[in-house]
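[1] Give the three-dimensional model of this entry:
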Amino acid sequence: MNRTYLSTYFRSVMQMSITEYIESLRINEACRLLKASAASVTEVALSSGFNSVPHFNKVFRKHTGDLPANTAAVIRKKDKKSRREV
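    Numbers count the residues shown, from 1 in each chain. The predicted structure is shown next:
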């Protein structure tokens, strides 16, 4: 299969490029890890398939509108609050 054809076909079906799709999968995994663990942003970035924390921050912000450290802080704050209420 031709690379250009595959890319064009993928975009027509998924309404995004292959790179954007892979990024979205990685960011979804990063969000899951931020919610499910106390791992650092660096650990989450590497576990999600990113080789560079600055690149991870850039892609995360593009997809979520916020930095991963801010997202982790909000999640952990909510988690602490919910534990106190129990």
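
[2] can we go C-alpha only for contacts and neighbour counts from here?
    Fine.

[3] Find the nearest non-adjacent residue to the residue sitting nearest the centre point of the chain, please.
    Nearest to the mean C-alpha position of the chain, counting by Cα atoms, centre = their mean, stands residue 27 at 1.5 Å. What sits nearest to residue 27 in space, not counting adjacent residues and going by Cα to Cα, 6 or more residues apart in numbering, is residue 60, at 6.2 Å.

[4] quick one: the one you found and residue 5, what's the gap?
    From residue 60 over to residue 5 the distance is 29 Å, taken as Cα to Cα, to the nearest Å.

[5] Tell me which of these two has more neighbours.
    Using other Cα atoms under 10 Å, the more surrounded residue of residue 60 and residue 5 is residue 60, with 23 against 10.

[6] what's the pLDDT at residue 72?
    On pLDDT, residue 72 comes in at 84.

[7] Actually, residue 85.
    60.

[8] In this structure the residue nearest to residue 27 contacts residue 71, no?
    No - counting by Cα atoms under 8 Å, residue 71 is not a contact partner of residue 60; they are 9.9 Å apart.

[9] if we look at stretch 19-27, which residues are touching it?
    Contacts to stretch 19-27, defined as Cα atoms under 8 Å, 6 or more residues apart in numbering, come from residues 48-49, 59-60, 63.

[10] which SS state does residue 61 fall under?
    Three-state assignment for residue 61 (DSSP: H, G, I helix; E, B strand; the rest coil): helix.

[11] give the contact list for it.
    Listed by Cα under 8 Å, 6+ apart, the contact partners of residue 61 are 67-68.

[12] gap between it and residue 54?
    Relative to residue 54, residue 61 is positioned 11 Å away (Cα to Cα).

[13] Residue 38 too?
    According to Cα to Cα, residue 38 and residue 54 sit 20 Å apart.

[14] Could you check how far the residue nearest to residue 27 is from residue 17?
    As for residue 60, its distance to residue 17 is 17 Å (criterion: Cα to Cα).

[15] now residue 32
    Distance, residue 32 to residue 17, using Cα to Cα: 23 Å.
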